[in-house]
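>>> Coordinates only, no sequence provided:
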């Protein structure tokens, strides 16, 4: 996607919202003498997620079980795949999993098990999405192509009238799309635009790494099972699709509930390319939390239901979001700024599909 203009955020924050908030959050960590990165609870959870993903993979080779049980294991692997993505890979690539850079790099590299690519992820997610959140033409998370319409600034087609009905079936294709199409498309786009993230390797090395990673990925998840698992070839392919569809559905729903919502703003810059608000206030306006009091949702989604906290403090591990969320909420209230949240996952999902229906209506 080519950006039509260079954007910059307003620097006018007369009341010093972000300075105040940042000071309060830093004070919380200093007062409690804790690091901003993960701890043993995160490491234990990460181990469990890897077990959910890789355990069934090895069991289907060693146990004499029926085809239906094997397919159920594929669903479990899909849950584990989503869990690794949200809890391990995500924190790792933000540098918040551990205080040790090498551990962060290793955990961030778990994206290769999910069929993704580190370079693409850091450009698309860390750089573009976290900087230009919900800005049409800059944030690729709200640009799913013409098949869905997430923004009033996107072109409308007659079939969008039904997107609130068919979108759920497309959401499950997220990770399998990474594996087959998206990574190659993004790599071509990012290298041609000469986009980099910190100490990125040269474009040729990125392409070599991408191709090698895909060969290894499909060898591990398709070719080896086709050779050694006692099942029909079509059953193995179906199992592969089931695993990816389960992961894709979970990840897509969690991702969409953060920004593609009724309460999430999708602002545009003025003619000079300047956004109305500062970056931190922009994050408050474009991001939504959901079900933050639900312990399981907090635990399983890797804090991605605390998107406001994550977007303002992406370098802080998600295990701290429940605590600093109260600080963010209170500070936003003091500065008369919005703090968008849904009490339950159900209400958030309802809002998302209601928004899709609204975006599917023909513009006046």
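Here it is on my side, so go on. Values in this document were obtained by computation on a predicted structure and should not be read as measured data.
>>> okay, now the residue nearest to residue 156 when sequence neighbours are not counted: neighbour count?
Leaving aside its chain neighbours, residue 156 sits nearest to residue 363 (5.6 Å; criterion: CB to CB, 6 or more residues apart in numbering). Bear in mind the C-beta positions are built from the backbone N, C-alpha and C, glycine included. By other CB atoms under 10 Å, 8 other residues sit near residue 363.
>>> Ok, residue 252 next?
21.
>>> isn't there a helix covering it?
Yes. Assigned with DSSP: H, G, I helix; E, B strand; the rest coil, residue 252 falls within a helix.
>>> which residues touch it?
171, 172, 174 (CB atoms under 8 Å, 6 or more residues apart in numbering).
>>> Export these as TSV, with columns for secondary structure.
What follows is these, written out as TSV (three-state DSSP):
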residue	secondary structure
171	helix
172	coil
174	helix
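>>> now, which of the residues you listed sits nearest residue 106?
Taking CB to CB as the measure, residue 174 is the one of the contacts of residue 252 closest to residue 106, at 23.6 Å.
>>> Residue 248 is in contact with that closest one, correct?
Yes. Between residue 174 and residue 248 there is a contact under CB atoms under 8 Å: 3.6 Å.
>>> how close does the nearest residue in space to residue 110 that is not next to it in sequence get to residue 114?
Take residue 110 and drop its neighbours on the chain: the residue closest to it by CB to CB, 6+ apart is residue 89, 4.6 Å away. As judged by CB to CB, to the nearest Å, residue 89 and residue 114 stand 7 Å apart.
>>> Looking at the two, which one has more neighbours?
The residue with more neighbours, out of residue 89 and residue 114, is residue 89; 27 against 23, by other CB under 10 Å.
>>> Reduced to three states, what does that one come out as?
Going by three-state DSSP: residue 89 is helix.
>>> quick one: low-confidence parts of this protein?
In the predicted model of the chain, residues 1-5, 14, 198-200 satisfy pLDDT under 70.
>>> what do you get if the cut-off is 80, keeping everything else the same?
Scanning the chain for pLDDT under 80 picks out 1-5, 14, 197-201.
>>> since we're on residue 304, how many residues are nearby?
A total of 23 residues lie near residue 304 under the criterion other CB under 10 Å.
>>> Apart from its chain neighbours, what residue comes closest to it?
Here the residue nearest residue 304, using CB to CB, 6+ apart, is residue 254, at 5.2 Å.
>>> Which helix or strand contains the residue sitting nearest the centre point of the chain?
The C-alpha lying nearest the average C-alpha coordinate of the chain belongs to residue 255 (CA atoms, centre = their mean; 5.4 Å). Assigned by DSSP states H and E, residue 255 belongs to helix 233-259.
>>> Quick one: distance of that helix to the chain centre.
Offset of helix 233-259 from its chain centre (CA atoms, centre = their mean, to the nearest Å): 14 Å.
>>> my read: the residue nearest to residue 156 touches residue 153, true?
No. Using CB under 8 Å as the test, residue 363 is too far from residue 153 to be in contact (10.1 Å).
>>> What's the local residue count around residue 8?
Using other CB under 10 Å, residue 8 has 12 other residues around it.
>>> Now it: phi and psi?
Note on residue 8: backbone dihedrals following degrees, to the nearest 10 are phi -150, psi 150.
>>> Need the nearest residue in space to it, chain neighbours excluded.
Residue 8's closest residue in space is residue 274 (CB to CB, 6+ apart), at 5.6 Å.
>>> A strand includes residue 98, no?
No. According to three-state DSSP, residue 98 belongs to no strand; its state is coil.
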